[in-house]
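K.L.:
Turn this into a structure:
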Amino acid sequence: MKLKPPRDWTILVYQGGVNDLSPHLRKNLSELAEGPHPENVDVMVRQVDRSGMLTDFQVDAAGMTPLAPPSPAPDSSDPQTLADFLRRGIQKYPAQHYMLVVSSHGKGADGVVEDERSGNFMQPHQLQQALEAGREANQGKPLDLVFFDACRMMAVEMASQLKGSVKVAVGSLDRIDSGGYDPGVWVRGASTSADGLALGRLLAENRDPRQMEGLGTTAAVNLELIEPLEQALRQLADQLAGLEPGQATRVRELATFSRRSLPSPSYQYALDNMANSILQGSPESLNSWLEEVRPSDPVAISSFCHNLVADPELEQSLRTAAQAVIEAHAQAVFAQREECDGLSVVLPLERTSEVTGNSTFERATRWQRAVDHLIPLHSPAPLGKSWLERELEARQT
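P.N.:
Just a heads-up that it's a prediction; the model follows:
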């Protein structure tokens, strides 16, 4: 096979649509086909639709060109499905820089790319496996940028796992709209960006109406600066794990103010519809929603640590450790909209099961020790009413 001369950028878009996002991903693909189509950027898409059929496309001025007939995908959340795509894209479309876009449902520290048939998400270590295949195909060089067109993916647990495999990660720590980010911005941005840092800044700080509506917050993280943040979080975890009960209770109270359950403006519209449906339905719907959402909300690292630093009731050693986290976080998160809060971390405010893990983040920070100390099993922290509870109460009065 005769290889094309290298372009400045190749954008590889992985659409995991074996879920209710499938029609939105098809629309994104049509938008990519509409352009722009700069000469220095190649675009390849792997789309797995809701029926589980996989199709690879070349996207250029000629439109969407299938590279092979559709075929059944084994599992869109299987890292091998993504790894195969990265190898093929890098071989077929050589470039100076590579950007991977992951479009699907996201669960932050729990993974990305939902496959309803298998019931799986691609977990952080599995995503790293796929990116490692891309790095190997790229002559051992990390990919330049991964863009998460998915909810809640700016989690430090994910960033920690991906370091070394990719240089920059961009996304939101909040819930985003199903329409996602404007794909034309990826292409235009790549055509004028010298590297992943430049493109990451452009994408994170973009304030076009669509991005402001669909992604209320966006940040860019330099994964080559995650290790200092891990070290600072380890020191903070050591302090949290040694707190006496009164101080631990105070930290739990402060954490409630840093929970990230913020929807983007257009996602808020979907929640309004949810409230209306619940009002017309049964209380069980509300209970189910709360059981699913409330325990899973992470906390924003920056906000949480600023709350610790500002509280005179806490020990000085804890406040000093929190300040070190703030500084390391500010170095790693090199670009974001002013409304954003960078990275999140799992600090559940109620725990109904034991959590064990051997992730890169856990090995580096021993964060779970702090969680176990602050939030003992079956001992929930006092929680304020959720947005949905407040909304339902207001509508019933």
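K.L.:
which residues of the chain score low on pLDDT?
P.N.:
The model of the chain has pLDDT under 70 over residues 1-4, 261-264, 266-296, 351-357, 378, 380-392, 395-397.
K.L.:
And the strands in it?
P.N.:
Assigned by DSSP state E, the strands in the chain fall at 7-16, 41-48, 53-60, 63-66, 71-72, 95-103, 112-115, 120-122, 143-149, 166-171, 219-222, 299-300, 333-336, 344-345.
K.L.:
Would you enumerate the residues in contact with Leu229?
P.N.:
156, 325, 328-329, 331-332, 343 (C-beta atoms under 8 Å, 6 or more residues apart in numbering). Every residue, glycine included, has its C-beta placed from N, CA and C.
K.L.:
one more time with 6 Å
P.N.:
Leu229 makes contacts with 328-329, 332, as judged by C-beta atoms under 6 Å, 6 or more residues apart in numbering.
K.L.:
Which among the strands of the chain is found nearest to Ser191?
P.N.:
Distance to Ser191, taken as C-beta to C-beta, is lowest for strand 41-48 among the strands of the chain, at 5.1 Å.
K.L.:
which helices and strands sit right next to that closest one?
P.N.:
Other helices and strands packing on strand 41-48, by 3 or more C-beta pairs under 6 Å, 6 or more residues apart in numbering; DSSP states H and E, are strand 7-16, strand 53-60, helix 183-191.
K.L.:
May I have it as CSV, with CA atoms only?
P.N.:
As requested, the backbone C-alpha atoms of strand 41-48 are provided in CSV (Å, rounded to 0.1, in the frame of the first residue of the first chain):
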residue,chain,number,x,y,z
VAL,A,41,-5.6,17.8,8.1
ASP,A,42,-6.9,14.2,7.5
VAL,A,43,-10.0,12.9,9.2
MET,A,44,-11.0,9.3,9.8
VAL,A,45,-14.0,8.1,11.7
ARG,A,46,-14.9,4.7,13.2
GLN,A,47,-18.6,4.6,13.9
VAL,A,48,-20.3,1.8,15.8
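K.L.:
Export the strands of the chain to CSV and append columns for mean neighbour count and distance to Pro312.
P.N.:
Conversion of the strands of the chain to CSV gives the following (neighbours: other C-beta atoms under 10 Å; distance: least, C-beta to C-beta, whole Å):
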stretch, mean neighbour count, distance to Pro312
strand 7-16, 25, 47
strand 41-48, 26, 53
strand 53-60, 19, 56
strand 63-66, 13, 60
strand 71-72, 10, 61
strand 95-103, 24, 43
strand 112-115, 27, 40
strand 120-122, 22, 42
strand 143-149, 28, 38
strand 166-171, 27, 35
strand 219-222, 25, 30
strand 299-300, 25, 21
strand 333-336, 20, 27
strand 344-345, 29, 24
